[in-house]
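Peer 1: fold the stuff below for me.
(2 chains, ligands or ions: 2)
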Amino acid sequence: MIKVNNISKTFGKNEVLKNISTSINQGEVVAVIGPSGSGKSTFLRCINLLETPSAGEIWIKDTEITNPKTNKQMVRQKIGMVFQHFHLFPHMTVLENITYAPQKVNKLSKENAEKIAKNLLSKVGLLDKMDSYPNQLSGGQKQRVAIARALAMEPEIMLFDEPTSALDPEMVKEVLDVMKDLANTGMTMIIVTHEMNFAREVANRILFLDEGVLLEEQIPAIFFNQPSTVRAQEFLAKVL
Amino acid sequence: MNLDFSQIVPYIPFMLKGIGATLKFVSISILVGFILGTILALCKITNKPVLKWFAAAYTSIFRGTPLILQLMIIYFAIPQLTGYDIDGFLAAILAFGLNSAAYVSEIIRAGIMAVDHGQTEAAEALGIPYKPMMLNIILPQAIKNILPALMNEFITLTKESAIVSTIGYLDLMRRAQIVGADLYRNFEPLLVAGLIYWIMVVILTKIGSMVERRMRYSD
Ligand SMILES: Nc1ncnc2c1ncn2[C@@H]1O[C@H](COP(=O)(O)OP(=O)(O)O)[C@@H](O)[C@H]1O
Ligand SMILES: [Mg+2]
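Peer 2: Ligands and ions are numbered 1, 2, ... in the order given. You can find the predicted model right below:
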């Protein structure tokens, strides 16, 4: 489904991603972990072209999205993204947040878009908040709305960049539960996270990034029990 | 010290008409300034070098030269160049509109830049094209930062507007001068004009802080 071939990314002189290759199958859940500043966000953002790789190719199905001729908007419509800080549209209600893009981009009628939105809101347990504004919601509720907003575009891939890092501890579970449900529906997901238990439980595969290098790529059972590199051992010793 | 306000009483209606004349051309000017300023601001935030350069040059020129000079050029130099005898009202609107476009474009640009960049990224990640993103997501949030500053620009223009008296446009200032010449007394009509300007600015300031409070409330 996703093929990453030798991508690198430099900001000025700073080489943030170094020659990364991997591939991700349909329905796979991949957790990206690693120290802060190791390039996790940048890697994720390359996949929906919020960042353009300096070298290398990314293929999604039969499209080379890194080809300059590729229509970025078309690529992004099929890839949902959830941010650490939610980025809900503050001047729109919850329902408007979710229905805006499907109407504007997918040209759905208002009725259709609202039907989809309400269905998603009941799945994330927030149907009663549809007329609220984002500033009336808790962090966990905002993040669940943000997930619903991304899903309303009916994406084939979902990207999560530390979706629970900005949340109070008591709200982390409600968001992780929604993500778990989503994983169970067979959604292809790439999740940057510091929630090691979640990664161990939900992910099919762990990508361990360190200083822009993909150091380990392993199933959770092996990665968490017998990490092969010293860097991963040190990292796990710190966070577990 | 001999001040005598009784003589100017008959002239008061004549002077008050200047308020309308002043507000009329200032309002139209700020509207022109707003429209042009929005376009310039959009030029400033694109990644098209030509548009960026044009907007920057425009702003630099109109902010870097005296407004009265711009007014004089439009009123006196354009007829000389083109043979078209521009009337005072039009010249005033052009000068003030073109000038305030430079300032307004900075206000709008700053207002747009102050919107969290995450909003743009969220919109881009959803595949929303540039135009609807600007129109429906970024600008409605930027307007909160823009409107109060725009109100200040309106107040500044109202005060600066007195320089259109130099091209004979019958604004409040010009009328005060005419009354002064009529009576051979300048102090009283100028004092009255000053009072009227001050009241106008106080009222506009009040409206401005109301707008600001409204904007903050709707956050
Ligand atoms: N837009 C940018 N411009 C310049 N440097 C950047 C930019 N984005 C990220 N970086 C740098 O790239 C490195 C990796 O960042 P990031 O991908 O955010 O790491 P992580 O998500 O693993 O914490 C950091 O050193 C960061 O400063
Ligand atoms: Mg990050």
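Peer 1: quick one: furthest residue from the center of chain A?
Peer 2: residue A:111 (28.1 Å; C-alpha atoms, centre = their mean).
Peer 1: what does chain B put close to ligand 1?
Peer 2: By C-beta under 6 Å from any ligand atom, no residue of chain B approaches ligand 1. C-beta: built from backbone N, CA, C; applies to glycine.
Peer 1: now chain B against ligand 1: closest residue?
Peer 2: Taking C-beta to the nearest ligand atom, ligand 1 has its nearest neighbour within chain B at residue B:117, 10.1 Å off.
Peer 1: from chain A, how far off is that residue?
Peer 2: 9 Å (C-beta to the nearest C-beta, to the nearest Å).
Peer 1: contacting residues around that residue?
Peer 2: For residue B:117, no contacting residues are found, by C-beta atoms under 8 Å, 6 or more residues apart in numbering or on different chains.
Peer 1: and what of the one 3 residues further on?
Peer 2: Residue B:120 sits next to B:133, B:138 when contact means C-beta under 8 Å, 6+ apart.
Peer 1: can you get me a residue count around residue B:185?
Peer 2: Neighbours of residue B:185 under the rule other C-beta atoms under 10 Å in any protein chain shown: 17.
Peer 1: hmm, it is touching residue B:4, no?
Peer 2: Yes: look at residue B:185 against residue B:4 with C-beta atoms under 8 Å: they come within range, at 7.2 Å.
Peer 1: wait, residue A:207 sits on residue A:29?
Peer 2: No: look at residue A:207 against residue A:29 with C-beta under 8 Å: they stay out of range, at 11.5 Å.
Peer 1: excluding its backbone neighbours, what's nearest residue 145?
Peer 2: Since no chain was named, I'll use chain A. residue A:94 (5.3 Å; C-beta to C-beta, 6 or more residues apart in numbering or on different chains).
Peer 1: actually chain B
Peer 2: residue B:111 (3.9 Å).
Peer 1: contact partners for the one you found?
Peer 2: B:142, B:143, B:144, B:145, B:146, B:149.
Peer 1: tell me how many other residues crowd the first one.
Peer 2: As a burial measure, residue B:142 scores 22 neighbours (other C-beta under 10 Å).
Peer 1: could you do residue A:234 as well?
Peer 2: 13.
Peer 1: and it, what does it touch?
Peer 2: Counted by C-beta under 8 Å, 6+ apart, residue A:234 has zero contacts.
Peer 1: double-check that it belongs to a helix.
Peer 2: Yes: Residue A:234 forms part of a helix when assessed by DSSP: H, G, I helix; E, B strand; the rest coil.
Peer 1: can you give me the pLDDT of it?
Peer 2: Looking at residue A:234, its pLDDT reads 94.
Peer 1: which parts of the chain are helices?
Peer 2: Assuming you mean chain A. Per DSSP state H, chain A carries helices over the ranges A:40-47, A:72-77, A:94-104, A:110-123, A:139-151, A:169-184, A:196-202, A:220-225, A:230-239.
Peer 1: hm, I was asking about chain B
Peer 2: Going by DSSP H, chain B shows helices at B:12-45, B:49-64, B:67-72, B:78-82, B:88-113, B:117-125, B:130-132, B:139-160, B:172-183, B:187-217.
Peer 1: buried stuff in the last one?
Peer 2: What it means is helix B:187-217. B:188, B:189, B:192, B:193, B:196, B:197, B:200, B:201, B:204, B:208, B:212 (16 or more other C-beta atoms under 10 Å in any protein chain shown).
Peer 1: does chain A sit close to that helix?
Peer 2: No: remark: helix B:187-217 sits outside contact range of chain A, by C-beta under 8 Å from any C-beta of the partner chain, the gap being at least 11.5 Å.
Peer 1: just the helices of chain A: most buried one?
Peer 2: Most buried of the helices of chain A, by mean neighbour count (mean count of other C-beta atoms under 10 Å in any protein chain shown): helix A:139-151, with a mean of 25.
Peer 1: how far does that one sit from its chain's centre?
Peer 2: Centre-to-centre, helix A:139-151 and its host chain are 12 Å apart (C-alpha atoms, centre = their mean, to the nearest Å).
Peer 1: how far off helix B:117-125 does that helix point, in degrees?
Peer 2: Computed by axes from the mean of the first three to the mean of the last three C-alpha atoms, to 10 degrees, the angle separating helix A:139-151 from helix B:117-125 equals 30 degrees.
Peer 1: pLDDT on helix A:139-151, on average?
Peer 2: 97.
Peer 1: likewise for stretch B:32-46?
Peer 2: Mean predicted confidence for stretch B:32-46 is 93.
Peer 1: likewise for stretch A:105-123?
Peer 2: Stretch A:105-123 comes out at a mean pLDDT of 97.
Peer 1: tell me how far it lies from the chain's centre.
Peer 2: 21 Å.
Peer 1: cool, stretch B:147-166 as well?
Peer 2: Using C-alpha atoms, centre = their mean, the offset of stretch B:147-166 from its chain centre is 5 Å.
Peer 1: how about that stretch against chain A, any contact?
Peer 2: No: against chain A, stretch B:147-166 shows no contacts by C-beta under 8 Å from any C-beta, the least distance being 13.9 Å.
Peer 1: the closest residue to residue A:208 other than its chain neighbours: how many residues sit nearby?
Peer 2: Leaving aside its sequence neighbours, residue A:208 sits nearest to residue A:216 (C-beta to C-beta, 6+ apart; 4.1 Å). If you count neighbours by other C-beta under 10 Å, residue A:216 ends up with 20.
Peer 1: so residue A:216 is in contact with residue A:232, correct?
Peer 2: Yes: taking contacts as C-beta under 8 Å, residue A:216 lies within contact range of residue A:232: 5.3 Å.
Peer 1: joint contacts of these two?
Peer 2: Shared contacts of residue A:216 and residue A:232, counting by C-beta under 8 Å, 6+ apart, come down to A:208, A:223.
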